[in-house]
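# Turn this into a model:
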Amino acid sequence: MSLTASEKITSWLTDFEAALAARDAERAAQLFAPTSFWRDLVAFSWNITTVENRDGVRDLVTATADTTNASNFRLSEEPEEADGVITAYFTFETAIGRGSGLLRLTDEGAFTLLTTLDELKGHEETRPKGVEHGARRDRVTWKERRTAEIENPDPYVVVIGGGQGGIALGARLRQLGVDHVVVDKHERPGDQWRSRYKSLCLHDPIWYDHLPYLPFPKNWPVFAPKDKIGDWLEMYSTVMEVNFWGSTTAKSAVRDESGRWAVTVDRAGEEVVLHPAHLVFALGVSGKPNVPVIPGQDVFAGEQHHSSQHPGPDAYRDSKVVVIGSNNSAFDICGALWEVGADVTMVQRSSTHIVRSDSLMEFALGDLYSERALAAGVTTHKADTIFASLPYRILHTFQIPTYEAIAEHDKEFYDRLEKSGFRHDWGDDGSGLFLKYLRRGSGYYIDVGAADLVANGEVKLAHGQVVSLSAHAVTLDTGQELPADVVVYATGYSSMNGLAADIVGQEMADRVGKVWGLGSETTKDPGPWEGEERNMWKPTQQEGLWFHGGNLHQSRYYSLYLALQLKARQEGIPTPVYALQEVHHTY
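Sure, this is the predicted structure:
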């Protein structure tokens, strides 16, 4: 009799557990298909890493089996079988924690395996009691305790950056009992969003963007305006009891021989020095604004600013505005300027990938992050697990058919865009938006309406590199002159370690290397292959220095694994790191 899908998975998990218990790396490796991938989030490796094929499995097991001592592998729900692949969710334990994962099993063996550490034994997240009943003379009220926590002069972790990344991590650390402070130059949580141009909104649907513990309510809009997100982050920070210091700018950070940092901050005009064991940069995906140096900027008679400083369109109703760039911010800004009647020209310097928001929701996200997905039993946690279980090495093969379907569905739109002269691409290998985001963090626009303005000619389009500015014009390398009263540099950002260098120094930033990118050998993502986002959410070559961030989805998901790594170190739990990332291309 042939085995059921459940029996096949149970047999594989039993064999895998036995191989690990015997410290038999070769036996474990033979349970995997010749082409296979094991992605581990902290559970085995104390790292975020992916190994490939049987050689990679053999190496990971050899290095980690003794310390991990993984056991008790069990199915957590009935597996599903389709097209010769059985997909199964499971749980397991390690010497220090409990984990879960997802296995895709074929006749050749495991094709993909995801293992994640979910909690530390003895440090589980539980609902706090809140108050202790009874009478006592030394009672400390909740408000007194919160004030002491926020003003703690000796936090274990300092997080620089209080956007969604820093706040999500702060919430995780709070639940795990890790002393922390999140510092941000803005006065209030959410001010990062409030201070941006007024048309800014989330381009991702709301099901993709929940934060830990407290999902957006069911009546929350699908695409949230920036000020609404700002208010949510402020409320969330308060409710989650994040230790947030507003109006606080990190000036410098030096690590001493004892392994503590001296982090000097300006807190509303007062210099304060904090001494954490760990320093986390939570600065989103972006680093310093890239403002090009162009001859004639000093003689230009109008206003010029980077898109990160764009105040919105109202002051430019009667102006000729040249927006340099053709990605998300450029389109948003051009669309808002057109709405108030400005004369707008977009300068496209290189090709851009555009995908309509509705099509992205339907074809790319609908099976995981939507009302349809929820109705099918795909919770946010399950969607996150499925997403995380697809190794970056092969993720493009899953994305290419999606974007081929989008291209067919929106053919008329792309034809109009091409006729307008706009230079469109689908990524180096046709894999579309998400791989561009992971590889380079730029080169795309989620269309919420402004692309039609370009296709229709209502926002003018020019091509080329800007070679100079005069008093009232922008000159391109094609010789074309664009009359301008205002120039907006929608020219993107540099690596996050550029901002880190301003605080920890260039030598230490160089020691860490580039932050973000996979090493895919595609445009703006040079190799060698890393297999994970470089230096994100995991140990770096500088002990005690971490990077956290990304979009709201990544801030939610990866904040758990970073928080668990920090909690383990606070508790003195051994954390031997497997395959610490090497340093490559700092800039």
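# Skipping adjacent residues, who's closest to Ala568 in space?
Thr575 (5.3 Å; CB to CB, 6 or more residues apart in numbering). For glycine as for every other residue, the C-beta is placed from the backbone atoms N, C-alpha and C.
# Wait, the one you found touches Leu566, no?
No. Thr575 lies out of contact with Leu566 (CB atoms under 8 Å); the separation is 9.9 Å.
# how about the helices of the stretch 201-350 of the chain, start to end?
For the stretch 201-350 of the chain, the helices defined by DSSP state H, counting those that start in this stretch cover 226-239, 328-339.
# Any chance of JSON lines for these, columns mean neighbour count, mean pLDDT and distance to Ala148?
Output for those, formatted as JSON lines (neighbours: other CB atoms under 10 Å; pLDDT from 0 to 100; distance: least, CB to CB, whole Å):
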{"stretch": "helix 226-239", "mean neighbour count": "18", "mean pLDDT": "96", "distance to Ala148": "17"}
{"stretch": "helix 328-339", "mean neighbour count": "24", "mean pLDDT": "95", "distance to Ala148": "41"}
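# sorry, back to before: wait, what's in contact with the residue nearest to Ala568?
46, 565, 568-569 (CB atoms under 8 Å, 6 or more residues apart in numbering).
# Please enumerate the strands of the stretch 51-200 of the chain.
For the stretch 51-200 of the chain, the strands defined by DSSP state E, counting those that start in this stretch cover 71-75, 80-82, 85-93, 97-106, 109-120, 157-160, 180-183.
# To His584, which of the ones you listed lies closest?
Proximity to His584 (CB to CB) singles out strand 157-160 among the strands of the stretch 51-200 of the chain, at 23.5 Å.
# got the contact list for stretch 78-90?
Under CB under 8 Å, 6+ apart, the answer for stretch 78-90 is 5-6, 8-9, 13, 73-77, 100-107, 111, 382, 385.
# which of the residues in that stretch are buried?
79, 86-90 (16 or more other CB atoms under 10 Å).
# Out of the helices of the stretch 201-350 of the chain, flag the one nearest Arg174.
helix 226-239 (10.1 Å).
# Can I get the closest one as PDB, trimmed to CA atoms?
C-alpha atoms of helix 226-239 as PDB (Å, rounded to 0.1, in the frame of the first residue of the first chain):
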ATOM      1  CA  LYS A 226       0.600  58.600   5.600                       C
ATOM      2  CA  ASP A 227      -0.900  60.600   8.400                       C
ATOM      3  CA  LYS A 228      -3.200  57.800   9.400                       C
ATOM      4  CA  ILE A 229      -0.100  55.500   9.500                       C
ATOM      5  CA  GLY A 230       1.700  58.100  11.600                       C
ATOM      6  CA  ASP A 231      -1.200  58.200  14.100                       C
ATOM      7  CA  TRP A 232      -1.300  54.400  14.200                       C
ATOM      8  CA  LEU A 233       2.400  54.200  14.900                       C
ATOM      9  CA  GLU A 234       2.100  56.700  17.800                       C
ATOM     10  CA  MET A 235      -0.800  54.800  19.300                       C
ATOM     11  CA  TYR A 236       0.900  51.500  18.700                       C
ATOM     12  CA  SER A 237       4.100  52.700  20.400                       C
ATOM     13  CA  THR A 238       2.100  53.800  23.500                       C
ATOM     14  CA  VAL A 239      -0.100  50.700  23.700                       C
END
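# and it, what does it pack onto?
Packing contacts for helix 226-239, counted by 3 or more CB pairs under 8 Å, 6 or more residues apart in numbering; DSSP states H and E, involve helix 164-176, helix 191-194.
# try 6 Å
helix 191-194 (3 or more CB pairs under 6 Å, 6 or more residues apart in numbering; DSSP states H and E).
# Tabulate the helices of the stretch 201-350 of the chain (JSON lines), appending distance to Phe434.
JSON lines is the format used below for the helices of the stretch 201-350 of the chain (distance: least, CB to CB, whole Å):
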{"stretch": "helix 226-239", "distance to Phe434": "21"}
{"stretch": "helix 328-339", "distance to Phe434": "14"}
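# closest one to Asn152 among those helices?
Using CB to CB, the helices of the stretch 201-350 of the chain put helix 226-239 closest to Asn152, at 16.4 Å.
# hang on, the earlier thing: buried members of the contacts of stretch 78-90 into ChimeraX, please.
Those of these that count as buried under 16+ other CB under 10 Å are selected in ChimeraX with:
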select :5,8,9,13,73,75,100,101,102,103,104,105,111,382,385
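# Please report how far Thr62 lies from Val51.
11 Å (CB to CB, to the nearest Å).
# what do you get for His424?
36 Å.
# So for the two, which residue has more residues nearby?
Between His424 and Val51, Val51 has the larger neighbour count (other CB atoms under 10 Å), namely 26 against 17.
# OK, contacts around that one?
Residues near Val51 by CB atoms under 6 Å, 6 or more residues apart in numbering: 38, 60.
# List the beta-bridge partners for it.
Note on Val51: beta-bridge partners Trp38, judged by DSSP bridges.
# residues near the closest residue to Val57 other than its chain neighbours, how many?
Distances taken as CB to CB, 6+ apart place Ala29 nearest to Val57, at 4.4 Å, with adjacent residues excluded. Applying other CB under 10 Å, we find 22 other residues in the vicinity of Ala29.
# Quick check: Ala29 touching Arg54?
Yes. The criterion here is CB atoms under 6 Å, and Ala29 meets it with Arg54 at 4.1 Å.
# Format the strands of the stretch 51-200 of the chain as CSV; extra columns: distance to Gly519 and mean pLDDT.
Converted to CSV, those look like this (distance: least, CB to CB, whole Å; pLDDT from 0 to 100):
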stretch, distance to Gly519, mean pLDDT
strand 71-75, 32, 98
strand 80-82, 32, 97
strand 85-93, 28, 98
strand 97-106, 24, 98
strand 109-120, 20, 98
strand 157-160, 26, 98
strand 180-183, 30, 98
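# out of these, nearest to Tyr392?
strand 109-120 (11.6 Å).
# Direction included, what does the closest one pair up with?
For strand 109-120, pairing defined by DSSP bridges yields strand 32-41 (parallel), strand 97-106 (antiparallel).
# closest to Lys121 out of those?
Closest among the strands paired with strand 109-120, using CB to CB: strand 97-106, at 5.7 Å.
# and the angle from that closest one to strand 85-93?
160 degrees (axes from the mean of the first three to the mean of the last three CA atoms, to 10 degrees).
# Now do strand 97-106 against strand 71-75: the angle between them, please.
Using the same axes, to 10 degrees: strand 97-106 against strand 71-75 is 50 degrees.
# what does strand 97-106 rub up against?
12, 33, 43, 84-92, 110-121, 385, 389.
# Alpha carbons of that strand, in CSV - could you do that?
Provided in CSV are the C-alpha atoms of strand 97-106 (Å, rounded to 0.1, in the frame of the first residue of the first chain):
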residue,chain,number,x,y,z
GLY,A,97,13.8,26.8,22.4
ARG,A,98,10.8,25.8,20.4
GLY,A,99,10.4,26.2,16.7
SER,A,100,8.3,25.6,13.7
GLY,A,101,8.8,25.2,10.0
LEU,A,102,7.6,24.2,6.5
LEU,A,103,8.7,21.3,4.5
ARG,A,104,8.2,20.6,0.7
LEU,A,105,8.9,17.0,0.1
THR,A,106,9.3,15.3,-3.3
